[in-house]
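Novice: I would like to see how this sequence folds:
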Amino acid sequence: MERFYVHFYLLQYLEAKDLVYTPLFVAVVYFMANTFKGRLVGFGSPLQRYFIPALSLKMVGAIASGLVYQFYYHGGDTMDFYTSASFIRELIFDKPSEALGMFSSSPVFDYPELAQYDFLPFIYDPPTWTIIRFASFANIFAFDSYPVLAIYFSLFSLYSSWKFFRLLSEIYPDPKMIKKFAYCLFYIPSVFFWGSGVFKDSLTLSGLFLFTYHIYEIVIRRKFSPSQFLWLGLGIYLMYSIRLFFLIILVPCVGFWFFAEFRDKLIKNNFLKSISFPLLLIVSTAVIIFGLGRVMNSNADLSTAALKEKAEGFQSWHGSLGGSAYDLGITDYSVNSLIKVFPLAVNVTLFRPYIFIDAHSAFQMISALQSLFFLYFFLLTLYRTRLEFFTAITQDPMILFSLTFSIFYSFVAGFTSYNFGALDRYKIPALPFFMLALVLINYNYTRNKKQKQY
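Specialist: Now for the predicted structure:
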């Protein structure tokens, strides 16, 4: 209990031992990565040159985010996850039978005798408790050190995103494109900062990449090995158990993706082909909007009352942390409101905070510069490709999937965050896919232009 007191009440999460364990663990990771790089990435693979930089950014993000929460925010959810994981680690050695019950999704409800531990943060919140279960298991091998635990999360995040990176390099083997894919997946500041540490976002983003990679391997490439289904199941579990709306958005977008892959085989009539995508887009939009409505009615975190409370409370709470609230003009939180604020929510996720209007702190300035680049690249792509922007979407299934997912996810992130500080974390799944869509649209435009010249 002494360590729990230091963590939870004194807000001291980093310790002197971390100055020893962290550099030693980082050294071991680099040694293993360099020793087995060929085996991990592929001997002679053009991807090798991106492996160590991607690994480095992931570990930097994991450690840096911990330092920010310790010395800037003086606590926060990532530290609460660690606090519970640290307590459960001690429990494993002191009372292993009780510790085993802690790995249930609802410990207090499944094992009433564990009610004595109801002081642990998030023990009554199954989605958040999923993070603590993963963190508790990893913490057994992390020497009860927050930075080492965060690095474990970053390695899992790297493993998941690297699979998708490898898939892209196989579909588009052009070396110039591979370099751009690396920027999309590993170099976006918000993604490697918030998507590498002990966060919900690290696991849900990993689940998204695992799902995307393995569903493609199973459906398109017809690889039916048990490992494919196990990894796919893990990806689904991470998204379902932590943030259900991931799947509500993802399933229709994957339907788009696979329909585009098989459209020419399924539909022979040219007229039906021309109207198939607009019809599918309407149906998918309806599924997502009404699906979110159902989740809002059944999920306490996304209920009408909860969203109103967020709107009223985020400004003061995040304001004390240097945050800044925004307003989409939502009044009744109905399905009609979801539809009305759709473009505003997408805009706030992808292109805000605006650098001269919304940025009021150093962290917001970094986010604003990133958003400014996204806006610039989007407008440049529109100007450069013009009408071919839209034709490229229907010609390349990966563009269709990436763009629809990023837009629909941006809507949900912008609609539910209410604060630029929170939004910077929640929006990270949209950013790699939106950037990927723009990169591929430019690639297809350039390729088609060259073909027309010949």
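
Novice: switch to C-alpha atoms for all contacts and neighbour counts from now on
Specialist: Fine.

Novice: May I have stretch 368-381 as PDB, with CA atoms only?
Specialist: Extracted C-alpha coordinates of stretch 368-381, given in PDB (Å, rounded to 0.1, in the frame of the first residue of the first chain):
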ATOM      1  CA  ALA A 368      -1.600  23.500 -34.600                       C
ATOM      2  CA  LEU A 369       1.500  23.300 -36.900                       C
ATOM      3  CA  GLN A 370       0.700  19.700 -37.500                       C
ATOM      4  CA  SER A 371      -2.900  20.600 -38.400                       C
ATOM      5  CA  LEU A 372      -1.700  23.400 -40.600                       C
ATOM      6  CA  PHE A 373       0.400  20.900 -42.600                       C
ATOM      7  CA  PHE A 374      -2.600  18.500 -43.000                       C
ATOM      8  CA  LEU A 375      -4.700  21.400 -44.300                       C
ATOM      9  CA  TYR A 376      -1.900  22.500 -46.700                       C
ATOM     10  CA  PHE A 377      -1.400  19.000 -48.000                       C
ATOM     11  CA  PHE A 378      -5.100  18.500 -48.400                       C
ATOM     12  CA  LEU A 379      -5.700  21.700 -50.300                       C
ATOM     13  CA  LEU A 380      -2.600  21.200 -52.400                       C
ATOM     14  CA  THR A 381      -3.800  17.700 -53.400                       C
END
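
Novice: Please enumerate residues in contact with it?
Specialist: 188-189, 350-355, 358-359, 389, 435, 438, 441-442 (Cα atoms under 8 Å, 6 or more residues apart in numbering).

Novice: please redo it, this time with the cut-off set to 7 Å
Specialist: 350-355, 359, 438, 442 (Cα atoms under 7 Å, 6 or more residues apart in numbering).

Novice: In the chain, where is pLDDT below threshold?
Specialist: 1-2, 5, 8-10, 264-278, 280-281, 283-323, 331-335, 453-454 (pLDDT under 70).

Novice: and it, what are its domains?
Specialist: Domain assignment for the chain, taken from automatic domain parsing, gives 2-157, 285-453.

Novice: F405 contacts V251, doesn't it?
Specialist: No: with contact defined as Cα atoms under 7 Å, F405 does not reach V251; the gap is 9.4 Å.

Novice: Buried residues in the helix or strand where C253 lies, which are they?
Specialist: Counting by DSSP states H and E, the element that carries C253 is helix 245-266. Residues of helix 245-266 classed as buried: 245-250, 252-254, 256-261 (neighbour count, 16 or more other Cα atoms under 10 Å).

Novice: before we move on, what about stretch 19-26?
Specialist: Buried residues in stretch 19-26 (16+ other Cα under 10 Å): 21-22, 26.

Novice: got TSV for those, with secondary structure too?
Specialist: Listed next are those as TSV, based on DSSP: H, G, I helix; E, B strand; the rest coil:
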residue	secondary structure
Y21	helix
T22	helix
V26	helix
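
Novice: Would you convert those residues into TSV that also reports distance to I123?
Specialist: TSV is the format used below for the buried residues of stretch 19-26 (distance: Cα to Cα, whole Å):
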residue	distance to I123
Y21	29
T22	28
V26	31
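
Novice: ok, N448 - how many residues close by?
Specialist: When neighbours are counted by other Cα atoms under 10 Å, N448 registers 13.

Novice: Please identify the helix or strand for it.
Specialist: helix 430-453.

Novice: thinking again about what came up before, so which of the contacts of stretch 368-381 is the closest to A413?
Specialist: L350 (9.8 Å; Cα to Cα).

Novice: give the contact list for H214.
Specialist: 228, 232.

Novice: Flag every buried residue along the host helix or strand of it.
Specialist: If you go by DSSP H and E, H214 is part of helix 200-219. Using 16+ other Cα under 10 Å as the test for burial, helix 200-219 gives 200-217.

Novice: between that helix and helix 430-453, what angle do the directions make?
Specialist: On the basis of axes from the mean of the first three to the mean of the last three Cα atoms, to 10 degrees, helix 200-219 is oriented at 40 degrees to helix 430-453.

Novice: downstream neighbour of helix 200-219 in the secondary structure list?
Specialist: helix 226-242.

Novice: which other helices and strands contact that following helix?
Specialist: Under the contact definition 3 or more Cα pairs under 7 Å, 6 or more residues apart in numbering; DSSP states H and E, helix 226-242 sits against helix 126-139, helix 200-219, helix 245-266.

Novice: so which of the ones you listed comes closest to M59?
Specialist: Nearest of the helices and strands packed on helix 226-242 (Cα to Cα): helix 200-219, 12.4 Å.

Novice: Helices along the stretch 351-454 of the chain, start to end?
Specialist: 362-385, 388-395, 397-417, 420-426, 430-453 (DSSP state H, counting those that start in this stretch).

Novice: so how far is stretch 214-221 off the chain centroid?
Specialist: 21 Å (Cα atoms, centre = their mean, to the nearest Å).

Novice: now do stretch 124-139
Specialist: Distance, centroid of stretch 124-139 to centroid of chain: 17 Å (Cα atoms, centre = their mean).

Novice: got the buried residues for that stretch?
Specialist: 124, 126-139.

Novice: Same question for stretch 169-183.
Specialist: 169, 177-178, 181-183.

Novice: farthest-separated two in those residues?
Specialist: S169 and Y183 (12.8 Å).

Novice: picking up where we left off before, most neighbours, which of the contacts of stretch 368-381?
Specialist: Top of the contacts of stretch 368-381 by neighbour count (other Cα under 10 Å): P353, with 29 neighbours.

Novice: what's the spacing between that one and M177?
Specialist: Separation of P353 from M177 (Cα to Cα, to the nearest Å): 29 Å.

Novice: Could you do Y426 as well?
Specialist: 27 Å.

Novice: K58 too?
Specialist: From K58 to M177 the distance is 21 Å (Cα to Cα).

Novice: tell me the contacts of the residue nearest to the spatial centre of the chain?
Specialist: The centroid of the chain falls nearest to L205 when counting by Cα atoms, centre = their mean (3.0 Å). L205 makes contact with P429, according to Cα under 7 Å, 6+ apart.

Novice: rerun that using 8 Å as the cut-off
Specialist: 157, 195, 428-429.

Novice: can you give me phi and psi for Y172?
Specialist: phi -130, psi 80 (degrees, to the nearest 10).

Novice: repeat for Y13
Specialist: According to degrees, to the nearest 10, Y13 has phi -110, psi -30.

Novice: correct me, but A150 touches A64?
Specialist: No: between A150 and A64 there is no contact under Cα atoms under 8 Å: 9.9 Å.

Novice: Between those two, point out the one with more neighbours.
Specialist: Each of A150 and A64 has its neighbours counted (other Cα under 10 Å); A150 has more, 29 against 18.

Novice: Tell me the secondary structure at the closest residue in space to that one that isn't next to it in sequence.
Specialist: Distance criterion Cα to Cα, 6 or more residues apart in numbering; nearest residue to A150, sequence neighbours excluded, is G197 at 4.7 Å. Secondary structure assignment for G197 (three-state DSSP): coil.

Novice: Perfect, I'm done here.
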